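>>> just the structure for this:
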Amino acid sequence: MKTLKLLLNCAIATVLLMGCSSDDSADSPSGSTLNADFTFTSDGSTFSFTNLSDSGLNYRWDFGDLGFISNEQNPVHTYPIGGDLKVSLTVTDENGNEGYVVKTITAPEIIIIDIAIDGDFSDWDNVEVLAENTSGEGAIQLMKVWTVGTKISFYLEGNSEMLMALAQIYMNTDADETTGYIADDWPDFSGAEIMFEGPFVNGSWGNFFAQDAGETGWSFNDTVEGSSSSNLDTSAVGTNNGMNAIEFTIDKSILGLTGDYLSLGITEYSDSWGGVSTFPGDGSFVVIDL
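Next comes the predicted model:
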């Protein structure tokens, strides 16, 4: 009897242990909530989102701007608008469980720059200064450049002597400082292949000329094919910020650009070819990323 009772107790204990056991691999209850989370970093208007959610299989990002969405796990998104925007992430696992999180990001204001050569210099307010005459000497004091589109647009600001009656613009168009004309005013390897020479204000003559005297020789006798004074569109000299100012464009097509930058220097003359100003004035060219 004692042996039978012992066996029965052991059997009951075994059944109880089996009934109380748990299986870690069992499915989660349907409809349970996942822990959804993300972080983000930004570079200007471009945001990189990093998913931190638990057990996600499918992702749906709503970036908060006009319905743009993504199903990537870690998307990158560039915002076409600025301001405070709500970004949401919905995560679903293989069992249909869902998690949701929303965070507010601040995208920088989108500034639209549209340069028109019309003497209204307010177009340039949001364009950064590219080069300055730090010596304070010379008529031309600073330059801004805008390269978007088929033209390169320039803004010059200077003192009352900056009238741009006549000018020569030496341009390095092949991104090689050792080829072309290395000018005395720019000894730091200017390497100009093209020069514009002529009046800025009235446009009565002037053209783009190619350097044809070999390395370091000064001779710009070959007219650039297809060019004319009309390829340089300029405003009249006006005033801005209490300074003289002028804006102009050059067609990219006639420069034959072969590198990832254009560099240049400007010599300004009076209408009788008297020297007025050299810009930037520190022995180097202004480098313009294209």
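>>> against T90, how distant is T173?
According to C-beta to C-beta, to the nearest Å, T173 and T90 sit 52 Å apart. Quick note: C-beta positions are derived from backbone N, CA and C, even for glycine.
>>> out of the two, name the residue with the larger neighbour count.
T173 (25 against 19; other C-beta atoms under 10 Å).
>>> so which residues of the stretch 151-290 of the chain form strands?
151-158, 166-172, 194-198, 207-210, 222-223, 232-234, 238-240, 243-251, 261-269, 275-279, 286-289 (DSSP state E, counting those that start in this stretch).
>>> taking strand 243-251 as reference, get the angle to the third one.
Same thing as strand 194-198. Strand 194-198 and strand 243-251 are oriented at 130 degrees to each other (axes from the mean of the first three to the mean of the last three C-alpha atoms, to 10 degrees).
>>> partner strands of strand 194-198, with direction?
Here strand 194-198 is paired, per DSSP bridges, with strand 166-172 (antiparallel), strand 207-210 (antiparallel).
>>> would TSV of the ones you listed with mean pLDDT be doable?
Converted to TSV, the strands paired with strand 194-198 look like this (pLDDT from 0 to 100):
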stretch	mean pLDDT
strand 166-172	94
strand 207-210	92
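>>> looking at this, S88 is in a strand?
Yes: applying DSSP: H, G, I helix; E, B strand; the rest coil, one finds S88 inside a strand.
>>> who are the neighbours in contact with it?
61-62, 64, 100-103 (C-beta atoms under 8 Å, 6 or more residues apart in numbering).
>>> I'd like the distance between it and F38.
10 Å.
>>> what's the closest non-adjacent residue to G275?
Nearest residue to G275 in three dimensions, chain neighbours excluded: Y269, at 6.2 Å (C-beta to C-beta, 6 or more residues apart in numbering).
>>> related to what we said a few turns ago, where do the contact lists of S88 and F38 overlap?
Contacts common to S88 and F38, judged by C-beta under 8 Å, 6+ apart, are 101, 103.
>>> just the buried subset of the contacts of S88, please.
Buried subset of the contacts of S88 (neighbour count, 16 or more other C-beta atoms under 10 Å): 61-62, 64, 101.
>>> so which of those residues is the closest to A165?
When the buried ones among the contacts of S88 are compared for distance to A165 (C-beta to C-beta), G64 wins out at 53.8 Å.
>>> roughly how far apart are the closest residue to that closest one other than its chain neighbours and Q211?
Excluding its sequence neighbours, the residue lying closest to G64 (C-beta to C-beta, 6+ apart) is L85, at 3.8 Å. As for L85, its distance to Q211 is 52 Å (criterion: C-beta to C-beta).
>>> more neighbours, the two?
Taking other C-beta under 10 Å, L85 and Q211 do not tie; Q211 has more neighbours (24 against 17).
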